[in-house]
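K.L.:
Need coordinates for the below:
(one chain, ligands or ions: 2)
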Amino acid sequence: MTRGTKPAEAPRVARISVVRAIREAVFACCAVGPTSPAHVARVTCTRAPVAPVTGTHRASGAHPGAAGRRPAGLAPYRPGRAPPVARFLGRMVYLEAASVPAFERLARELAAHGAPQRLQRAARRALRDEERHTRMASALADHMANTAGPVGGGAARVPLPRVRRGRVRSLESIARENAVEGCVLETYAAAVAMAQSMSAAQPRVRTTMRKIGADEMRHADLAWEVARWLERRLAPEARARVVAARRGAARALVKSAGRRVHPNLVAQLGLPAAPAAKALAVDLASCLWDMAEWDMGDMR
Ligand SMILES: [Fe+2]
Ligand SMILES: [Fe+2]
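P.N.:
Ligands and ions are numbered 1, 2, ... in the order given. Below you'll find the predicted structure:
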């Protein structure tokens, strides 16, 4: 669809259901929050069955929840030697910092393509959120590095992410990046942050993740709003490629979420252990990433 063609009204379900789906997935899969039997029964009866997690994997400071919105061209984070908690927090600082240029480019590209002001404003607000998250994550990493005991006493090296200021891309390129980085990775990160805010042993972690998680929920919602605006402007073949990219990213995330998580990350940072992390990803796949109306073109 070319710019200027008036698209049909988009479905109204997405704006409400993204945040709700994330909250319900966390409550259902991570054993945190208002897990009264009635609530759990109501949530689980609407979800697809969760596949059992099999196999063992090497534990490390990596966890799929430490994802931000990675800009194109970002070099992978290489923490070097450090304890798992420090490595996780180092990666978190790096990805929060990298999310700043990602939202700067999104805001600029939305403006260039004539997106509604509310989306442009939301992207610029997210940029400022990510600057704040970088400071908060860095302060948390310092705090944990100075904490006595087996979880503290280590700090990971965090190089500044370097990202070139790219030119304005096509709608399909922006939509593909948004589908993977926003609809899948940031959405999952928002769910993990919410779980951490309720289950981390360290009060400082709970406080930090509560603030970051609230913003990330908004970023997840923004990603789906942007997807709705962008994808309904694409030709059917291009939209199918974007949908395939989102599904592929979701499959990869479900797979990586089943990897064993170091016990210190679970105990101290409140990260979901492998079964819960996998269940969370599977749940979000059934509620969001594989939603039929996104694949069947009802959003046009
Ligand atoms: Fe963030
Ligand atoms: Fe974010």
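
K.L.:
List, one by one, the residues from this protein near ligand 1.
P.N.:
If contact is defined as Cβ under 5 Å from the ion, the residues of the chain in contact with ligand 1 are 96, 130, 133. In short, each C-beta sits where N, CA and C put it, glycine included.

K.L.:
mind redoing it with 6 Å?
P.N.:
Contact residues (Cβ under 6 Å from the ion) of the chain with ligand 1: 68, 96, 99, 130, 133, 212, 216.

K.L.:
Just those: which are in strands?
P.N.:
Among these, the subset assigned to strands under DSSP state E is empty.

K.L.:
All the helices of this structure, residue numbers only.
P.N.:
Chain-ordered helices for the chain, with DSSP state H as the definition, fall at 13-29, 37-44, 84-112, 117-145, 171-177, 187-199, 203-231, 236-257, 263-269, 274-284, 292-295.

K.L.:
any residues touching stretch 201-211, and which ones?
P.N.:
Contacts made with stretch 201-211 from outside it, assessed by Cβ atoms under 8 Å, 6 or more residues apart in numbering, are listed as 136-137, 139-140, 143-144, 147, 193-194, 196-198, 200, 267-270.

K.L.:
Show the buried residues in those residues.
P.N.:
Neighbour-count burial (16 or more other Cβ atoms under 10 Å) is assigned, among these, to 136-137, 140, 144, 147, 193-194, 196-198, 200, 267-270.

K.L.:
Tell me the one of those residues nearest residue 170?
P.N.:
Within the buried ones among the contacts of stretch 201-211, distances to residue 170 taken as Cβ to Cβ reach their minimum at residue 193, with 31.4 Å.

K.L.:
Quick one: closest of the helices of the chain to residue 163.
P.N.:
The closest of these to residue 163 is helix 84-112. By Cβ to Cβ, the value is 4.3 Å.

K.L.:
any idea of the mean pLDDT in that closest one?
P.N.:
Along helix 84-112, the predicted confidence averages to a pLDDT of 93.

K.L.:
Next: stretch 210-227.
P.N.:
So the average pLDDT for stretch 210-227 ends up being 95.

K.L.:
cool, and stretch 281-289?
P.N.:
Mean pLDDT, stretch 281-289: 89.

K.L.:
Run through who's touching it.
P.N.:
17-18, 21-22, 24-25, 28-29, 47-48, 50-51, 64, 183-184, 187-188, 191, 224, 246-247, 250-251, 253-254, 257.

K.L.:
Quick check: closest non-adjacent residue to the residue of the chain at minimum distance from ligand 1.
P.N.:
Closest residue of the chain to ligand 1, Cβ to the ion: residue 133 (3.7 Å). Once its chain neighbours are removed from consideration, residue 133 has its nearest residue in residue 96; the separation is 4.2 Å (Cβ to Cβ, 6 or more residues apart in numbering).

K.L.:
same question, residue 141
P.N.:
With Cβ to Cβ, 6+ apart, the residue lying closest to residue 141 is residue 89, at 3.9 Å.

K.L.:
Same question for residue 160.
P.N.:
residue 97 (6.7 Å).

K.L.:
and this protein, which of its residues are near ligand 2?
P.N.:
68-69, 99, 130, 186, 216, 219.

K.L.:
Tabulate these (JSON lines), appending neighbour count and distance to residue 242.
P.N.:
Compiled in JSON lines, the residues of the chain next to ligand 2 are given as follows (neighbours: other Cβ atoms under 10 Å; distance: Cβ to Cβ, whole Å):
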{"residue": "68", "neighbour count": "29", "distance to residue 242": "20"}
{"residue": "69", "neighbour count": "29", "distance to residue 242": "16"}
{"residue": "99", "neighbour count": "29", "distance to residue 242": "21"}
{"residue": "130", "neighbour count": "26", "distance to residue 242": "23"}
{"residue": "186", "neighbour count": "27", "distance to residue 242": "16"}
{"residue": "216", "neighbour count": "29", "distance to residue 242": "22"}
{"residue": "219", "neighbour count": "24", "distance to residue 242": "19"}
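
K.L.:
What residues sit buried inside stretch 115-126?
P.N.:
Judged by neighbour count (16+ other Cβ under 10 Å), stretch 115-126 contains these buried residues: 115, 119-120, 122-126.

K.L.:
Work out which residue lies at the spatial centre of this protein.
P.N.:
With distances taken as Cα atoms, centre = their mean, residue 186 lies nearest the centre of the chain, 1.8 Å away.

K.L.:
All set now, cheers.
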